[in-house]
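K.L.:
got a sequence here, can you build the structure:
(chains A and B)
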Amino acid sequence: MHRIAIVGGGTGGTVLANRLASELRTEIEAGTVEVRLITADPNHVYKPTFLYVPFGKKTVDDAKRPIEDLVDSRVSLTIDEVTDVNTDRNRLSLADRTASLRYDQLVLATGANLEPEAVPGLAEGGHHFYGPDGATRLRDELAEFTEGHLVLSVVGVPHMCPAAPVEFPLMVDDWLRERGRREDVEITYTYPINRAHGLESVADWATDLFEERDIALETFFNVDEVDPDAEVIETVEGDELEYDLLVAIPPHRGSDLVIDAGLGEDGWVDVDRHTLEATAAEDVYAIGDVADVPTSKAGSVAHYEAGAVADRIASRARGETPTATYDGKTVCFLEAGMDEATFIEFTYGEEPFVREPSKPIHWAKLGYNESYWLTARGLL
Amino acid sequence: MTDTDDPDVTIDSKDASCPGPLMDLIGKVKTLDAGTVVELQTTARNSTTDVPEWLEEAGHDLLEIEERDEYWSIYLEVN
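P.N.:
Have a look, this model is predicted:
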């Protein structure tokens, strides 16, 4: 029996499990291959939904579905927490099992974790829309916010969905205008480097739109700490910014499991950017946010990486030489307000072109969010 | 031997697309102790001006920029 273990039931892990169930259908049914998906959360969570929660356009329940409804019946599903990865012995320890699990090929798809407490005062003084609790709190706060200074600050680097920080101020600008509150609210966007976004084309696009919409831009702005009582942000560069409502992209961290297994010093797995094989151990891959590759931590990346890794794993399970590789393909939709959007597409080393925002692309984004559940099933 | 011959940390940002080499560097520098010598490898020409500009703003020391065959190595010391 050739055993394939996938740890993590987010976009990467779920798409991969379903792709393998399809590619190795014959071998699984013959009992020569096992595809096991291990995840601590019985629900699959589609995180891009949370961006819409503060505006009342989605609920946190829209973001989740039971994972057992999404995975192919040929996948062995284990709801449990992996507590240790032993790459010398090819074994996984689980919280609720005494016996460890052996694997021939392992994929880590454990995602990124939020860590607002890494910046002093941020957890107390800031809001975010990167998880269900944060998005719900921000919705309640925004509903009552009628005047003052709203600051969207990119604090954590790296973070999930590099498009979202640009989208939020454009959406909140539109949302406040629709409610007649925009004249009483000042909006500022801050970013760590010397322009509005890491990608130059997105930075140029956002800078023009910010100017048009009267959104102030602060660059070279790296938050050192937040004083929640005085409502002031202090930066590494020595600046201060007062706020009334702070919406932050919180610091993220990888996984202790990765650090303990010696697969990456800061919790992200060191991998070959094309094969996604771990550099520190044999038979181990990483996909999605936990993989340290030079492109976005985004669902589209996890999805395309899962496709390449599924091919590589299936080849090895059949005794063939794997040839599939990941070229850095990334696709991101960008909301330009509450009813217009654009999208970008690029691979490693490419600068994308930002199209003029339009209503049809906004509806395509919302449509994709609905059909995402087909992506998770490996159908799209 | 100088510090730049043997950096404590190497960040491979060659062909980094989004969010780019400077963001990779900032994310890493936040986790490092003062005195750590870092090599940032980048294929983006604008890193050779963006990175020194940020180091100046954030108070870290630029040690050296070396042009190699297919990329630049930017050496810095964290303060």
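K.L.:
tell me what the helix or strand A:Arg36 falls within is packed against?
P.N.:
For A:Arg36, the host element (DSSP states H and E) is strand A:33-39. On a contact count with 3 or more CB pairs under 8 Å, 6 or more residues apart in numbering or on different chains; DSSP states H and E, strand A:33-39 meets strand A:2-7, helix A:11-23, helix A:25-30, strand A:76-79. Quick note: C-beta positions are derived from backbone N, CA and C, even for glycine.
K.L.:
I'd say A:Thr342 and A:Leu334 touch.
P.N.:
Yes - checked against CB atoms under 8 Å, the pair A:Thr342 and A:Leu334 is within contact range at 5.1 Å.
K.L.:
compare these two (neighbour count), which wins?
P.N.:
Between A:Thr342 and A:Leu334, counted using other CB atoms under 10 Å in any protein chain shown, the more crowded position is A:Leu334 (25 against 21).
K.L.:
I figured that one hits A:Glu356, correct?
P.N.:
No - the pair A:Leu334 / A:Glu356 is not scored as a contact, 11.6 Å apart, by CB under 8 Å.
K.L.:
circling back: so for the strand holding A:Arg36, mean pLDDT?
P.N.:
Mean per-residue pLDDT for strand A:33-39: 98.
K.L.:
partners of A:Lys64 in the sheet?
P.N.:
Beta-bridge partners recorded for A:Lys64 (DSSP bridges): A:Val45.
K.L.:
and it, how many neighbours?
P.N.:
16.
K.L.:
show me what contacts it?
P.N.:
For A:Lys64, the contact set (CB atoms under 8 Å, 6 or more residues apart in numbering or on different chains) comprises A:Asn43, A:His44, A:Val45, A:Tyr46.
K.L.:
about what we covered before: what residues do A:Thr342 and A:Leu334 have in common as contacts?
P.N.:
Common contacts of A:Thr342 and A:Leu334, defined by CB under 8 Å, 6+ apart, comprise A:Trp205, A:Val354, A:Pro357.
K.L.:
compare the helices and strands packed on strand A:33-39 and give me the one nearest chain B.
P.N.:
helix A:11-23 (17.2 Å; CB to the nearest CB).
K.L.:
next, the buried residues of that closest one.
P.N.:
Within helix A:11-23, the residues scored as buried using 16 or more other CB atoms under 10 Å in any protein chain shown are A:Thr11, A:Gly12, A:Gly13, A:Thr14, A:Val15, A:Leu16, A:Ala17, A:Asn18, A:Arg19, A:Leu20, A:Ala21, A:Glu23.
K.L.:
stretch A:229-242 now?
P.N.:
Quick answer for stretch A:229-242 (16+ other CB under 10 Å): A:Glu231, A:Val232, A:Ile233, A:Glu234, A:Thr235, A:Val236, A:Glu237, A:Asp239, A:Leu241.
K.L.:
what does stretch A:369-380 give?
P.N.:
Neighbour counts over stretch A:369-380 (16+ other CB under 10 Å) mark A:Asn369, A:Tyr372, A:Thr375, A:Ala376, A:Gly378 as buried.
K.L.:
cool, and stretch B:9-29?
P.N.:
For stretch B:9-29, a neighbour-count test (16+ other CB under 10 Å) marks B:11-29 as buried.
K.L.:
swap in stretch A:341-352?
P.N.:
Under 16+ other CB under 10 Å, the buried positions of stretch A:341-352 are A:Ala341, A:Thr342, A:Phe343, A:Ile344, A:Phe346, A:Tyr348, A:Glu350, A:Pro352.
K.L.:
greatest separation within the residues you listed: which pair is it?
P.N.:
A:Ala341 and A:Tyr348 (24.6 Å; CB to CB).
K.L.:
can I get the shared contacts of A:Thr342 and A:Leu334 in a markdown table including pLDDT?
P.N.:
Formatted as a markdown table, the shared contacts of A:Thr342 and A:Leu334 follow (pLDDT from 0 to 100):
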| residue | pLDDT |
| --- | --- |
| A:Trp205 | 97 |
| A:Val354 | 95 |
| A:Pro357 | 96 |
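K.L.:
which of those residues lies closest to A:Gln105?
P.N.:
A:Val354 (38.6 Å).
K.L.:
next one, pLDDT for the closest residue to A:Gly288 other than its chain neighbours please.
P.N.:
With CB to CB, 6 or more residues apart in numbering or on different chains as the criterion, A:Gly288 has its nearest non-adjacent residue at 3.2 Å, and that residue is A:Gly12. A:Gly12 is assigned 98 on the pLDDT scale.
K.L.:
which residues of chain B lie near chain A?
P.N.:
With CB under 8 Å from any CB of the partner chain as the criterion, chain B meets chain A at residues B:12-20, B:22-24, B:26-28, B:30-31, B:43, B:46, B:50, B:53-54, B:57-59.
K.L.:
in strands, which of those fall?
P.N.:
Within those, residues falling in strands by DSSP state E are B:Asp12, B:Ser13.
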